[in-house]
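Colleague: what follows is a protein structure lacking sequence information:
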């Protein structure tokens with residue numbers, strides 16, 4: 001049977017798939033538009049599954065805050081290249097994910113991906129987007145917080161995101177604290193929140209280093225405690241030097257304004273993902289060969 005260019009164009013517009021894929025689907029469906037769309041969905045799901053093993057370390061970090069400022073969500077959605085990270089369709093999906101996570105107050109990816117929008121789940125939308133764009137798309141993590149006081153939010157080029165919940169203080173201070181966290185990467189708010197396991201390991205390392213000096217044990221102990229104090233100042237928000245004023249610590253900044261930080265969350269795009277180190281020239285050659 002003959003498939004017209006108009007039919008192919010209509011199917012392409014409604015599905016976002018390539019023209020040849022649309023033509024093949026229409027031939028297989030004997031011209032039925034709905035059946036052809038279903039065929040493409042099924043093929044898209046298969047294509048998305050094939051791409052799932054590919055490394056996706058680029059993408060976008062997105063923050064959404066409720067109108068009353070009492071709930072906030074941060075999500076990281078990954079793709080394979082920074083080119084796709086700027087794609088409108090990809091960013092529409094990121095916005096959808098963030099909006100739905102906030103609306104439903106979700107902290108779990110599985111629950112988020114199972115949400116139904118219209119007649120599709122977010123997971124099905126992700127699979128179809130993967131098939132359309134041709135890259136692995138992955139919702140990597142989400143963080144939801146409920147705030148009794150004020151929230152500071154900051155994103156740096158969509159690659160670093162911070163949410164900071166303050167029980168006291170104003171919006172300007174909250175944003176300054178969030179910006180500091182983005183730049184200085186503290187592990188926790190205060191020294192009492194550093195896990196004892198980490199402190200024990202640091203003491204062990206500093207103790208072994210100090211023992212090499214041959215100094216008496218009481219001196220070694222003082223050296224170790226001095227280094228631990230310095231370490232705590234480096235990794236705790238309150239102990240760090242404030243990035244906008246190196247003459248004070250963040251702890252002093254907060255104290256001067258009678259403010260407290262309850263919790264913060266910091267995402268950095270792709271952190272912890274082992275990125276592939278391909279030879280660029282060889283990759284281009286491979287693509288050229290594949291196109292012949």
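Modeller: Perfect, I can see it now. Everything numeric in this text was worked out from a predicted model, so none of it was measured.

Colleague: surely residue 142 is in a helix?
Modeller: No: counting by DSSP: H, G, I helix; E, B strand; the rest coil, residue 142 is not part of a helix but strand.

Colleague: what number of residues lie near it?
Modeller: Neighbours of residue 142 under the rule other Cβ atoms under 10 Å: 23. (Each C-beta comes from the backbone N, C-alpha and C, glycine too.)

Colleague: surely it meets residue 101?
Modeller: Yes: under the criterion of Cβ atoms under 8 Å, residue 142 makes contact with residue 101 at 5.1 Å.

Colleague: any shared contact partners between these two?
Modeller: Listed as contacting both residue 142 and residue 101 by Cβ atoms under 8 Å, 6 or more residues apart in numbering are 73, 75, 112.

Colleague: could you look up the SS state of residue 174?
Modeller: Three-state call for residue 174 (three-state DSSP): helix.

Colleague: give the contact list for it.
Modeller: By Cβ under 8 Å, 6+ apart, residue 174 lies in contact with 150-152, 164, 166.

Colleague: what's the distance between it and residue 243?
Modeller: 15 Å (Cβ to Cβ, to the nearest Å).

Colleague: going along the chain, name the helices of this protein.
Modeller: Remark: helices assigned in the chain by DSSP state H are 5-15, 19-28, 33-51, 82-85, 88-103, 109-113, 122-133, 171-184, 196-211, 217-235, 250-256, 280-291.

Colleague: can I get those in JSON lines with mean pLDDT and distance to residue 264?
Modeller: JSON lines is the format used below for the helices of the chain (pLDDT from 0 to 100; distance: least, Cβ to Cβ, whole Å):
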{"stretch": "helix 5-15", "mean pLDDT": "79", "distance to residue 264": "42"}
{"stretch": "helix 19-28", "mean pLDDT": "82", "distance to residue 264": "45"}
{"stretch": "helix 33-51", "mean pLDDT": "68", "distance to residue 264": "34"}
{"stretch": "helix 82-85", "mean pLDDT": "92", "distance to residue 264": "25"}
{"stretch": "helix 88-103", "mean pLDDT": "97", "distance to residue 264": "18"}
{"stretch": "helix 109-113", "mean pLDDT": "94", "distance to residue 264": "21"}
{"stretch": "helix 122-133", "mean pLDDT": "90", "distance to residue 264": "27"}
{"stretch": "helix 171-184", "mean pLDDT": "96", "distance to residue 264": "5"}
{"stretch": "helix 196-211", "mean pLDDT": "86", "distance to residue 264": "18"}
{"stretch": "helix 217-235", "mean pLDDT": "89", "distance to residue 264": "13"}
{"stretch": "helix 250-256", "mean pLDDT": "97", "distance to residue 264": "11"}
{"stretch": "helix 280-291", "mean pLDDT": "50", "distance to residue 264": "37"}
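
Colleague: out of these, nearest to residue 273?
Modeller: Residue 273 lies closest, by Cβ to Cβ, to one member of those: helix 82-85, at 14.0 Å.

Colleague: residues in contact with the closest one: which ones?
Modeller: Contacts to helix 82-85, defined as Cβ under 8 Å, 6+ apart, come from residues 58-60, 79, 90, 133, 135, 158.

Colleague: now with 6 Å, please.
Modeller: If you take Cβ atoms under 6 Å, 6 or more residues apart in numbering as the criterion, helix 82-85 is touched by 58-60, 79, 90, 133, 135.

Colleague: tabulate the helices of the chain (TSV), appending distance to residue 66.
Modeller: Shown next, in TSV, are the helices of the chain (distance: least, Cβ to Cβ, whole Å):
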stretch	distance to residue 66
helix 5-15	34
helix 19-28	40
helix 33-51	32
helix 82-85	26
helix 88-103	6
helix 109-113	17
helix 122-133	20
helix 171-184	15
helix 196-211	34
helix 217-235	31
helix 250-256	24
helix 280-291	44
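
Colleague: residue 67: which of those helices is closest?
Modeller: helix 88-103 (10.4 Å).

Colleague: could you check the angle that closest one makes with helix 122-133?
Modeller: 170 degrees (axes from the mean of the first three to the mean of the last three Cα atoms, to 10 degrees).

Colleague: can you give me the buried ones in helix 88-103?
Modeller: 90-91, 93-94, 96-98, 100-102 (16 or more other Cβ atoms under 10 Å).

Colleague: and if you look at stretch 166-180?
Modeller: 166, 169, 173-180.

Colleague: and which of those is nearest to residue 69?
Modeller: For the buried residues of stretch 166-180, the closest approach to residue 69 (Cβ to Cβ) belongs to residue 174, at 9.9 Å.
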